[in-house]
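>>> Curious how this folds, go ahead:
(4 chains)
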Amino acid sequence: MRRSHDQSETDSLLRASAREFAREREETRADAADSWRAFVEAGWPGMGLDEDSGGLGADLHQCCLVLQEAGRALLVETAATDILVAPRLAQRAPAIAALMPDLLEGRARFALAGQGDTGFSLGANGRVTGRSALVPGADRATHVLFLAGSGESASLCLAERGTAGLRIHPAPLLDGRTAARIDLDAADTGNMTVLFAGREACDIAVELEALLLCGAASEGLGAFEAAFEMTADYVQTRQQFRQPLASFQAVEHTIADVYCELEKFRSLHMAMVSALSAGGTPVPQAVAHARLFHASDVVRAVGRLIQITGGIAVTEEYKLGRIYRRLQTDAALFGGPRRPIEILAGTPMAKPASFH
Amino acid sequence: MRRSHDQSETDSLLRASAREFAREREETRADAADSWRAFVEAGWPGMGLDEDSGGLGADLHQCCLVLQEAGRALLVETAATDILVAPRLAQRAPAIAALMPDLLEGRARFALAGQGDTGFSLGANGRVTGRSALVPGADRATHVLFLAGSGESASLCLAERGTAGLRIHPAPLLDGRTAARIDLDAADTGNMTVLFAGREACDIAVELEALLLCGAASEGLGAFEAAFEMTADYVQTRQQFRQPLASFQAVEHTIADVYCELEKFRSLHMAMVSALSAGGTPVPQAVAHARLFHASDVVRAVGRLIQITGGIAVTEEYKLGRIYRRLQTDAALFGGPRRPIEILAGTPMAKPASFH
Amino acid sequence: MDDFFTAEERAFRETVRAEIAAMLPEHLARHTRSHLHMPREVMAEWNAILHSRGWSAHHWPKEYGGPGWTPIQRFIFESELARADAPPISVFGIYLVGPTIFSFGSPEQKERYLPGILSGEEFWCQGYSEPDAGSDLARLRTTARRSGDKWIVNGQKAWTSEGHFADHMILLARTNMEVKPQAGLSLFVVPMDAPGITVQPVITIDGAHSVNSVFLDDVELDATALIGEVDQGWTYAKFLLNNERTNNAQIHKSRREFDLLRARIEAEKGEIPVAWREQVARIETDLAALEITVLRVLADETDGRDPGAKASILKVIGSQLQQAISELAMEVLGEEAVATGLPLANDNDGYGAYWAEKHLFRRVVTIYAGTNEIQKTIIAKTVFKG
Amino acid sequence: MDDFFTAEERAFRETVRAEIAAMLPEHLARHTRSHLHMPREVMAEWNAILHSRGWSAHHWPKEYGGPGWTPIQRFIFESELARADAPPISVFGIYLVGPTIFSFGSPEQKERYLPGILSGEEFWCQGYSEPDAGSDLARLRTTARRSGDKWIVNGQKAWTSEGHFADHMILLARTNMEVKPQAGLSLFVVPMDAPGITVQPVITIDGAHSVNSVFLDDVELDATALIGEVDQGWTYAKFLLNNERTNNAQIHKSRREFDLLRARIEAEKGEIPVAWREQVARIETDLAALEITVLRVLADETDGRDPGAKASILKVIGSQLQQAISELAMEVLGEEAVATGLPLANDNDGYGAYWAEKHLFRRVVTIYAGTNEIQKTIIAKTVFKG
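The predicted structure is shown next:
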């Protein structure tokens, strides 16, 4: 149970080292061949794995704190699936657990192929067809996880890159990261590992997707924090009309408004991580709150920071604009803000209606 | 063709006299028995009527300009139907034309019973049943206009107060005006005048309702102008922290934002009046633009004026709060903002889709 | 949310929920659900019930008659009160005056005033604001002048909620003209029936009477009316504000009223119509953000971390949220909210009129207790200092 | 809208619409629909076509080669250009430099420069902004120093759009240090191939190259490079801004791009999904409001009424609207807008990437040409003065 960020000394130490690691890689490009190697050596992939399994045994709060730092430096390597999803799944699926040594060595990387236009249908012949949404980092996955079918007949599958009928279409994203869309064309489940079946498979898929959104929001929080801090510094330095920008009430109030947004996002993020740590029914709500905020309010807030920073913020060399581009990209992924809106408002709440 | 408000000297004179008349009645209550008398003596009901028919022959712009002044003074008498709707209808319906002497004398007053929860259905037996939306001023109507049925079988009817099956339920409104809901319970069209039938009836009903919204928006514009002007004055006078409120950038920028809103509303209002003067297809769009703005942006803008004015604005004695109450009431009538939204965005535009 | 609470705290919640349900008479809950401004009798009745359980002053320390709860327990208790539609706890007596007196008052003042606050037999109002001193305290003009062993008070107070039925006022008055404007203020207890006091109703934008102007003309106070040291009034007032960082968030009230509103829409329409879903989802999100931010502030307090400008942040977020909720209510309720006197349907229960009144009155929440503009300036200064 | 035009004006619209349709090559229209930043060749080709019809400088007076239209006719012409997806008219040459030269330039300057602007054979860029002088002109540091019958220019210009392909720059430089900072500025014509000029690309937030930094190191100019009187540069610049009140509204571009966006949504989904209808309706309303406000300003100008702060109002409204449209586009286009390299579907036509680039670049519209904050201050001052 956490009631603040960086509650323990371990948290603070972990953050400091992750920040330093990330800062050194801030300008590294996604396609630099050995870029993942450094992450592996720093122990990122196995961070959330038990120490017995060769991991660092960090809890979810701590893993998210590391992702925050990755987001703060706008790292283009997408580590969320490997850090959050794979270790969680390894606890329950032996086939995944068996891959952990490869994960730790950087030989295995995972992608969760989330809900796309069509989803993945599972035929009676055991063949899967469908198309995923865009999945950041999936272009470099060696193993793909996806839910085929629905309800009682669902299967949570693991397919290796190269499986017949599995195609990974890489796509550069607007913000310099890379992603892929995953196509399955009558791919035979006989060539894959079926990890879970039926309702259990569905529940686990929901949980894994929630972890993915949680990872994205963690990176988004780090990026938002960086944007806020650099703007707060800049407006105190930049002079216009013989005074620092910070002395103008319009700038002051924008800073205050955005700071309120930042604190709200920190709260929603903390609640989401707590909910995912504990499990249980409030999870979809907590994730939807953070996701909606991430996919709309955060982008708008950083847009306001650009406004008070002025011209320099719209040049490529200045990080604030790149943060905006990152967050704008985040917002468009995973179904955009409409999905959390539907989760939060599309289904009537079961509540006693006690009026006057 | 008008390209500015108060284009002619006549406009300016008319406005000045309407403003004086309205200001004198600013505190008059709606139920003051002889309150309408003064309007009659000032020539308001017949304002838009030909001079030959005993009216003043004002055009629609001029009639709306007078209603603006009524709104500016928050007059609780609802004159829009008598000023805008009745004379327009008199041009085409002899039965209405015959009532114009009574209108001019203040003996006849009209209400247009607009689209309510149910609308008015017309049975094969010539009987009408249904319930209208709330209609401001309808509580004092002597004659009620409504559209019964739809399409080819529609009738635009005129029913006198007292007609069997017609009930006028008066209702005080939140802002001190009065309104009524009009019920028809198997009322026999044999006891009414059917003014128009079929598509013509429908088209005219649409036009009359547009005039009603135009009247409401004209009053709303006057109220908004009054709110803006009194606030701009107040913030220049009121001292806080040893300087006038107007010298704070937060206040300055709020004034600027609201002034932009005011100019936008003036433009939309002018376009609506022009469209209604000319007739034709752009009418529904122009009315929906002004109505949407009236029912949402204007209320929000006046809320911001209250904020920069501070505590005094939330006391009953200070007019700004009463203006807000009026505009909030306006917003909730006539189906609220959702109706113009549907008109503007619910129906695909017939446009060539020429992309790349 | 639940993940923020320990097992003990969750058990505590179950206990208070059950006890409140057992104690709260239905007529009080009904009244609370349908009225914006609470009459004295309703608050007094409920206060007496809570008092009999020792819960009337839930955030006071044990020695003064409080239950001695932790900040998180208080949060839970307040949220359960709201959830049960319990009448509000007197803001002035319990929240403001009690802590002022037990922190700075003399032993005699404690003995004289605390029991009446605890039991709900005596009501208080505050005399801080003035017509010309909104958020700018330097402009406070009411004076208390020494005359022998008496104080003579002259001035006018504004926005005095509940002033028309309060027994006492806690008054901020200028006692020293020689020092900086914020420094020369003192706090006094003023009996509302003292000669020279005139209470004049102020009708607010919602058309109702809940606040007053209070005129003080040569009101004579005993020396014992002074609370603490002379000229230290603003120090005391600020101390209290800092102690009550989370109150302005109004999270429990907002949460409850929104749950009821949402349930109402869903009961009438089966679901939230698509056109309003974004607004609903945003309000749900803001409620969650506000709840957790309040809990973070309480945790910071408990653990001795500096909460920074969080009092101002909670005020800004909380007040904006209150307005967002009432704006949605007005749009959803439509005609029902503005036709104040019409039986719109057979089942019209006044819910629309209740919301309209609330919506109008709620323009004040971004103005009072330090305008949001002032709060934003405080927040920015804290950011720039940090 | 139509009601604002006379019968003659409506007839004029029919004429220009037909003529533009006949003149505009399809490849230029296609390029305009799918590209944010226009290359010189596209603009030059279209400029030459318009020039052959005498319409390249549509708001210039007849004596300098314009068609001599009224403000309303210009509005109609511009709206028809946008509607036809015609490439943009050179902002710097036609709008800025031409009027500066024919209003303040010498006969020799008119003869030398106006023909190249009219024909589109010579391109211009502006040298007003500097890295340290955003909206604050007092901080302009580029100097032009007299040396014999030459001027020696030193300094750095920022945000120079089209600087990488322009033939000339119109330069604002400080010529007098003794007077108030706004007073000692002068305007010059600078050939972009002059020794001492370095053009350095600036990649903007959209990842593209359309603006530049221009360094001027001991650039030598002839005496004839000075436009008008020395130290009067800012007076000339302001005069032009006042003459071009409505340009910043960008109404025609916004109207056209929104019509296309809306048509695209409706073509794909059959109708506007309910969840986006409010946004669409608000944008439609704002477009109408902006269109009519522009027309009112033009009518005020024509009739000699003072348009007050309307230039600033149009800038604020117009830029906010541009951003609102691109925000909706980003939400509607979703993945299509951010997966810049993926053939998302067989019919992927780059529309998403086009909007993403536009959306990002569009952060500048509330910053450039006087930030919206500065515009709001101007508006408020006008209100308070009035």
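>>> Within the helices and strands, which one has the nearest residue to A:P282 once chain neighbours are set aside?
Once flanking residues are discounted, A:P282 sits nearest to A:A275: 5.2 Å by Cβ to Cβ, 6 or more residues apart in numbering or on different chains. For the C-beta atoms, the positions are set from N, CA and C on the backbone; glycine is no exception. Following DSSP states H and E, one finds A:A275 within helix A:249-278.
>>> If you average the pLDDT over that helix, what comes out?
If you average the pLDDT over helix A:249-278, you get 96.
>>> and it with helix B:249-278, angle?
90 degrees (axes from the mean of the first three to the mean of the last three Cα atoms, to 10 degrees).
>>> Remind me what the helix or strand following helix A:249-278 packs against, helices and strands.
Later in the chain than helix A:249-278, the nearest helix or strand by DSSP H and E is helix A:283-292. Packed against helix A:283-292, as judged by 3 or more Cβ pairs under 8 Å, 6 or more residues apart in numbering or on different chains; DSSP states H and E, are the following elements: helix A:198-237, helix A:249-278, helix A:338-341, helix C:274-303.
>>> Adding mean neighbour count, write those out as TSV.
What follows is those, written out as TSV (neighbours: other Cβ atoms under 10 Å in any protein chain shown):
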stretch	mean neighbour count
helix A:198-237	21
helix A:249-278	23
helix A:338-341	23
helix C:274-303	21
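>>> Could you dump the ones you listed into a markdown table and include distance to B:A246?
A markdown table is the format used below for the helices and strands packed on helix A:283-292 (distance: least, Cβ to Cβ, whole Å):
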| stretch | distance to B:A246 |
| --- | --- |
| helix A:198-237 | 24 |
| helix A:249-278 | 12 |
| helix A:338-341 | 40 |
| helix C:274-303 | 32 |
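>>> between the ones you listed, which one is nearest to A:H169?
Relative to A:H169, the nearest member of those by Cβ to Cβ is helix A:198-237, separated by 18.7 Å.
>>> The closest one close to chain B?
No: Helix A:198-237 does not reach chain B (Cβ under 8 Å from any Cβ of the partner chain); its nearest approach is 13.8 Å.
>>> Quick check: residues of the stretch 151-300 of chain C near chain A?
So the stretch 151-300 of chain C meets chain A at C:259-260, C:262-264, C:266-267, C:270-272, C:276-278, C:280-282, C:284-286, C:288-293, C:295-296, C:299-300 (Cβ under 8 Å from any Cβ).
>>> go with 7 Å
Proximity of the stretch 151-300 of chain C to chain A, by Cβ under 7 Å from any Cβ of the partner chain, involves residues C:259-260, C:262-264, C:266-267, C:271-272, C:277-278, C:280-281, C:284-285, C:288-289, C:292-293, C:295-296, C:299-300.
>>> Would you mind marking which of these are also close to chain D?
On the criterion Cβ under 7 Å from any Cβ, C:277-278 are the entries of these that sit beside chain D.
>>> So what does residue 25 have for phi and psi?
All of this refers to chain A. When read as degrees, to the nearest 10, the backbone of A:R25 gives phi -100, psi 10.
>>> Oops, wrong one, chain C.
Note on C:P25: backbone dihedrals following degrees, to the nearest 10 are phi -70, psi 140.
>>> what about it, how many neighbours?
Applying other Cβ atoms under 10 Å in any protein chain shown, we find 12 residues neighbouring C:P25.
>>> what separates it from chain B, distance-wise?
31 Å (Cβ to the nearest Cβ, to the nearest Å).
>>> next one: C:A44
In terms of Cβ to the nearest Cβ, C:A44 sits 27 Å off from chain B.
>>> Show me what from the stretch 251-356 of chain A comes close to chain C.
By Cβ under 7 Å from any Cβ, the residues of the stretch 251-356 of chain A that approach chain C are A:252-253, A:255-257, A:259-260, A:263-264, A:267-268, A:270-271, A:274-275, A:277-278, A:282, A:289, A:292-293, A:340-341, A:344-346, A:348-349, A:351, A:353, A:355-356.
>>> follow-up on the earlier one: between the helices and strands packed on helix A:283-292, which gets nearest to A:A301?
For these, the distance to A:A301 is smallest for helix A:249-278, at 4.3 Å, taking Cβ to Cβ.
>>> tell me the contacts of residue 220?
No chain was given, so I picked chain A. Neighbour list for A:G220: A:71, A:294, A:298, A:327, A:330 [criterion: Cβ atoms under 7 Å, 6 or more residues apart in numbering or on different chains].
>>> Chain C was what I was after
By Cβ under 7 Å, 6+ apart, the residues touching C:E220 are C:150, C:152.
>>> Check whether it sits in a helix, strand or coil.
Following DSSP: H, G, I helix; E, B strand; the rest coil, the label given to C:E220 is strand.
>>> Which residues of chain A lie near chain B?
Counting by Cβ under 7 Å from any Cβ, the residues of chain A close to chain B are A:248-250, A:253.
>>> between those, which is nearest chain C?
Closest approach to chain C among the residues of chain A next to chain B (Cβ to the nearest Cβ): A:H253, at 4.6 Å.
>>> The spatially closest residue to the closest one that is not a sequence neighbour and chain D, how far apart?
Excluding its sequence neighbours, the residue lying closest to A:H253 (Cβ to Cβ, 6+ apart) is C:K376, at 4.6 Å. The spacing between C:K376 and chain D, counted by Cβ to the nearest Cβ, is 16 Å.
>>> C:K376 should be in a helix, yeah?
Yes: counting by three-state DSSP, C:K376 is located in a helix.
>>> who are the neighbours in contact with it?
Residues in contact with C:K376 (Cβ under 7 Å, 6+ apart) are A:252-253, A:256-257, C:316.
>>> Which member of these is positioned nearest chain D?
A:H253 (11.0 Å).
>>> tell me the contacts of the closest one?
Contacts were defined as Cβ under 7 Å, 6+ apart; by that measure A:H253 touches B:250, C:376, C:380.
>>> and if you look at C:E80?
C:13, C:16-17, C:20.
>>> ok, now C:F215?
Residues near C:F215 by Cβ under 7 Å, 6+ apart: C:156, C:198, C:200.
>>> For it, grab phi and psi.
Backbone torsions of C:F215, given as degrees, to the nearest 10, read phi -100, psi 130.
>>> do C:H209 as well
Main-chain dihedrals, C:H209, degrees, to the nearest 10: phi -110, psi 110.
>>> Tell me how far it lies from A:T254.
39 Å (Cβ to Cβ, to the nearest Å).
>>> ditto for A:F248
For A:F248, the distance to A:T254 - Cβ to Cβ - is 9 Å.
>>> now do C:I89
Counting by Cβ to Cβ - C:I89 and A:T254 are separated by 36 Å.
>>> Tell me what the residue in the stretch 151-300 of chain A that chain D sits nearest to is bridged to.
Proximity of the stretch 151-300 of chain A to chain D (Cβ to the nearest Cβ) peaks at A:A171, 3.3 Å away. A:A171 has these beta-bridge partners by DSSP bridges: A:A179.
>>> so it makes contact with A:A179?
Yes: here A:A171 reaches A:A179: they are 5.3 Å apart, a contact under Cβ atoms under 7 Å.
>>> Common neighbours of these two, please.
With Cβ under 7 Å, 6+ apart as the test, A:A171 and A:A179 both reach A:134, D:339.
>>> Skip the chain neighbours and tell me the closest residue to the residue of the stretch 101-250 of chain A found nearest chain B.
Residue nearest to chain B within the stretch 101-250 of chain A: A:Q249 (3.7 Å; Cβ to the nearest Cβ). Spatially, and ignoring its direct neighbours in sequence, A:Q249 is nearest to B:Q249 (3.7 Å; Cβ to Cβ, 6+ apart).
>>> Can you name the residues that contact that neighbour?
Neighbouring residues of B:Q249 by Cβ under 7 Å, 6+ apart: A:248-250.
>>> Next up, the contacts around the most centrally placed residue in chain A.
In chain A, the centroid-proximal residue (Cα atoms, centre = their mean) is A:A216; its distance is 1.9 Å. Counting by Cβ under 7 Å, 6+ apart, A:A216 touches A:80, A:330.
>>> now the strands: where do they sit in the chain?
In the absence of a named chain, chain A is used. Along chain A, counting by DSSP state E, strands occupy A:110-112, A:119-122, A:127-136, A:143-148, A:155-160, A:166-172, A:178-188, A:193-197, A:239-240, A:243-244.
>>> that's the wrong chain, I wanted chain C
With strands called from DSSP E, chain C shows them at C:124-127, C:143-147, C:150-157, C:168-174, C:185-191, C:197-203, C:209-222, C:226-227.
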